[in-house]
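Colleague: no FASTA, just this:
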């Protein structure tokens with residue numbers, strides 16, 4: 001996936017939150033005052049479309065835009081970037097951090113291990 005600017009991410013999350021096809025004006029009203037210029041928001045939509053995150057369809061004299069990338073997939077890519085940038089690419093370092101901060105219980109870790117054990121035979125079998 002193409003990298004997004006912080007403003008593009010902000011607009012994309014607003015589109016996800018709306019949960020329906022929308023126009024730039026629908027996102028613009030979600031900003032607090034002073035709201036950005038409608039052209040600035042429309043430019044973000046166009047940029048997100050060029051980067052493959054949005055598609056559009058004609059609606060009257062304008063367009064309605066919709067996400068092409070599911071929110072969960074976008075979130076997973078952000079997690080991968082965070083792990084790479086902040087934890088040296090090591091998910092073990094992430095888990096260690098959560099354990100040290102007591103954000104993960106023993107039961108959660110045991111469930112995670114169980115899921116990993118179930119996944120291992122699939123990976124060995126080439127699935």
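Modeller: Nice, thanks for sending it over. What you see is a predicted model, and the numbers here were worked out from it, not measured in a lab.
Colleague: so how many other residues sit close to the residue lying closest to residue 89 once chain neighbours are set aside?
Modeller: Leaving out its chain neighbours, the residue that sits closest to residue 89 by C-beta to C-beta, 6 or more residues apart in numbering is residue 83, at 6.2 Å. Yep, even glycine has a C-beta here, placed from its N, CA and C like the rest. Residue 83 has 15 neighbours, counted by other C-beta atoms under 10 Å.
Colleague: care to break the protein down by domain?
Modeller: Domain segmentation of the chain under automatic domain parsing yields 6-67, 71-124.
Colleague: is it true that the residue nearest to residue 89 touches residue 90?
Modeller: Yes. If you go by C-beta atoms under 8 Å, residue 83 and residue 90 touch, sitting 7.1 Å apart.
Colleague: all strands of this structure, in order?
Modeller: Secondary structure of the chain by DSSP state E: the strands cover 54-59, 62-67.
Colleague: next, the angle strand 54-59 makes with the last one.
Modeller: This points to strand 62-67. For strand 62-67 against strand 54-59, the angle by axes from the mean of the first three to the mean of the last three C-alpha atoms, to 10 degrees is 150 degrees.
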